[in-house]
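Trainee: build the 3D model from these lines:
(chains A and B)
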Amino acid sequence: MAIGSDEEKIVFNGKLLTGIQNISFSQNVSEAPVEMLGNDFVTTEISGPTNFSANVSKLLLNTDFLRTLTGSTTISGQFEYGDNYLDFNSGVLGGYTFNANIGQIPTLEFSFEIFGDVSGANSAASSTAETSAIKEVSQTGIEVTFDKQSTNAVQNFSFTESYTYETIYGLNNDGRPSAIKLIGPIEQEVTISMEVDDNEIEDGFSFLSGDKNRDRTIRTIVRYDGNVAVNTFELESGHLVSQSYSAGAGDTVISNLTYRGYKKV
Amino acid sequence: MAYFSYKDVSLFFSTGANVATVPTANNKTTVYANNAQFSYTPNISQQRFLGQDVDKSNFGLAGSPNATLSFTCYITGSGSGNFNPTDYTGDIGNIGATVTIGDLDDGIRLSGLFLNSYSFSLTPYQTVAMQCDFAVLNPVTTTGTGSRITTGDNNPASVDFGVFGHGAYSTVGGINAQQGNVEAVQYQYTAQRQPIYQIGSFFLSSCELVSEEHSISVTSENIQNLVQISGNDYGSTTIEVKNSSGNAVAPTITVDGRVTAQNISASAGGLARGSISISQPLK
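Mentor: The predicted structure is shown next:
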């Protein structure tokens, strides 16, 4: 017997998430063979902490709640599937990616690392609904600002923010981390794919110059009913790190630009 | 000469730290070693004489044997028939241990082994590997041809998961309150021994334990406490090396010494860390 998606729920920090498209959990155990003089294999031993990760993919149809968990090292929650309950704690948000394409609802994909306990539970955790209800995003509700002319039509905008944590383990602690620290800077990256109209590739030697613009405004805003900006993704100290132009017979000129930024913790 | 795979080169000690009986199939101490180095430099020198040419016959004995056996091993428990360096510390007697490398009957046989030092690191997710350094105080051979390494046929037995001492299950006591989270502990034991030889014999007559001490270095969290404890009488720190069953695989090590060194390190993109070293003379 299988479990349908209508029987699946995910709760993070007491919030029952909405707009979820996909959830996945994975566990990797670090156990290695012990090799000996006189015997090529005698046993296995634990060689590192067990890694547990969770990925959550959602449609961005409300004011996103999960991004508010950035920097928290005490994220807990429950995955409910059918009559089964999976509890977890001591999680951190490892990063997320926002993606917007023409004619599609924008998406957010989150990756979490769980350093605490992951175990079955007997009952559903209490939760409250997200305060931001699902709303429709209109075709004009997504606005991209970058350092090129608007005549160069943006086809795709992707924003990724990645977090680096230092996990500290100690003796006498049952294998659990003693501390988890968010280490800066936070790396941000934007990739933009656009139809080229009047844009020109930037001079390769210009990157050697201190005059090169390394504080470009690169952002996207997602608006809902009433034209209220509810989700903004913006680079800090944005600078261009790669650019490509491609042209093919029977096709238009496409350019892919990658910008990177760094944010203080 | 054929090459041997590591799985054909066993390392066995006699059953006791001060036993001349060679290891046998039914009477041996197994070393669960993951590497070993045997080094033997004959202590000979040239003797030159006025009015004579020199040739290879002019080499003569110039001192006691200069041999060492070093290895890194995992430990399962003291007195269990498996090797544990804590059984070889202190004043063990005048005979020393006897060892076979390779085959029990035809392998390299060493005698008069005394532990000079052993050390290990305790970190949360590593099997405890002990680095052991023995001095070999008897000649490997007194004949023109020495013993040779041959394929062993008494391999260390496989053991159950988690039988070896492991940082995930081990404990450190006495230091946490002041230093906070203990990330790692390095322990070292050293002994200075004086071998005594007798005219008319190649072999060891007796071995005196001259001095011994042990020390620990602790990497921990509360670096702000470090400066205040330099030279301090730090109190007693205990280390219990345990396996996954919670059983101690070595006697509790107690270091009751003074802080002899401290340092703080920090690098961009990481956390600042501090460490202290504590030493205690034992003899």
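
Trainee: neighbours around residue 198, how many?
Mentor: All of this refers to chain A. The local packing of A:Asp198 (other Cβ atoms under 10 Å in any protein chain shown) involves 8 other residues. To be clear about C-beta, it is placed using only N, CA and C from the backbone, and glycine gets the same treatment.

Trainee: oops, wrong one, chain B.
Mentor: Neighbours around B:Gln198, by other Cβ under 10 Å: 10.

Trainee: pLDDT wise, what is it at?
Mentor: At B:Gln198, the model reports a pLDDT of 91.

Trainee: what does A:Gly184 give?
Mentor: A:Gly184 is given a pLDDT of 89.

Trainee: now name the helix or strand holding the residue lying closest to it once chain neighbours are set aside.
Mentor: Using Cβ to Cβ, 6 or more residues apart in numbering or on different chains and skipping residues adjacent in sequence, the residue nearest A:Gly184 is A:Val265, 3.6 Å away. Secondary structure from DSSP states H and E places A:Val265 outside every helix and strand.

Trainee: what residues are up against A:Val265?
Mentor: Counting by Cβ atoms under 8 Å, 6 or more residues apart in numbering or on different chains, A:Val265 touches A:Gly71, A:Leu182, A:Ile183, A:Gly184, A:Pro185, A:Ile186.

Trainee: A:Asn101 too?
Mentor: For A:Asn101, the contact set (Cβ under 8 Å, 6+ apart) comprises A:Gln155, A:Asn156.

Trainee: again, but for the one 10 residues further on
Mentor: Counting by Cβ under 8 Å, 6+ apart, A:Ser111 touches A:Ser53, A:Ala54, A:Asn55, A:Leu93, A:Gly94, A:Gly95, A:Tyr96.

Trainee: next one: A:Glu143
Mentor: A:Glu143 touches A:Thr220, A:Ile221, A:Arg223, counting by Cβ under 8 Å, 6+ apart.

Trainee: phi and psi next, for it.
Mentor: Reported as degrees, to the nearest 10, the phi and psi values for A:Glu143 are phi -120, psi 130.

Trainee: and A:Pro177, what are its bridge partners?
Mentor: A:Tyr169 (DSSP bridges).

Trainee: was I right to think it contacts A:Ile168?
Mentor: Yes - with contact defined as Cβ atoms under 8 Å, A:Pro177 reaches A:Ile168; the gap is 6.2 Å.

Trainee: of the two, who's got more company?
Mentor: Remark: of A:Pro177 and A:Ile168, A:Pro177 carries more neighbours, 20 against 17, as counted by other Cβ under 10 Å.

Trainee: residue 257 - how many residues pack around it?
Mentor: Using chain A. For A:Leu257, the count of nearby residues is 24 (other Cβ under 10 Å).

Trainee: switch to chain B, that's the one I care about
Mentor: There are 21 residues near B:Gly257, going by other Cβ under 10 Å.

Trainee: what's near enough to touch it?
Mentor: Applying Cβ under 8 Å, 6+ apart, the residues contacting B:Gly257 are B:Ser215, B:Tyr234, B:Ile278, B:Ser279, B:Gln280, B:Pro281.

Trainee: who does the strand or helix carrying the fifth one touch, helix- and strand-wise?
Mentor: B:Gln280 is part of strand B:273-281 when elements are defined by DSSP H and E. In terms of contacts (3 or more Cβ pairs under 8 Å, 6 or more residues apart in numbering or on different chains; DSSP states H and E), strand B:273-281 is packed against strand B:204-220, strand B:233-240, strand B:253-265.

Trainee: can you dump the C-alpha coordinates of the second one into PDB?
Mentor: If I follow you right, that is strand B:233-240. Presented in PDB, the C-alpha positions along strand B:233-240 are these (Å, rounded to 0.1, in the frame of the first residue of the first chain):
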ATOM      1  CA  ASP B 233      48.200  23.600  39.000                       C
ATOM      2  CA  TYR B 234      45.300  22.500  36.900                       C
ATOM      3  CA  GLY B 235      44.000  19.700  39.000                       C
ATOM      4  CA  SER B 236      43.400  16.100  38.000                       C
ATOM      5  CA  THR B 237      42.200  15.200  34.500                       C
ATOM      6  CA  THR B 238      41.000  11.700  33.700                       C
ATOM      7  CA  ILE B 239      40.800  10.000  30.400                       C
ATOM      8  CA  GLU B 240      38.800   6.800  29.900                       C
END
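
Trainee: distance from it to the middle of the chain?
Mentor: For strand B:233-240, the distance from its own C-alpha centre to the chain's C-alpha centre is 22 Å (Cα atoms, centre = their mean, to the nearest Å).

Trainee: and that strand, what does it pack onto?
Mentor: Using 3+ Cβ pairs under 8 Å, 6+ apart: strand B:233-240 touches strand B:171-173, strand B:204-220, strand B:253-265, strand B:273-281.

Trainee: format the ones you listed as TSV; extra columns: mean pLDDT.
Mentor: Putting the helices and strands packed on strand B:233-240 into TSV (pLDDT from 0 to 100) gives the following:
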stretch	mean pLDDT
strand B:171-173	88
strand B:204-220	94
strand B:253-265	89
strand B:273-281	90
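
Trainee: so which of those strands gets nearest B:Leu69?
Mentor: Of all the helices and strands packed on strand B:233-240, strand B:204-220 sits nearest to B:Leu69, with 15.1 Å by Cβ to Cβ.

Trainee: perfect, I'm done here.
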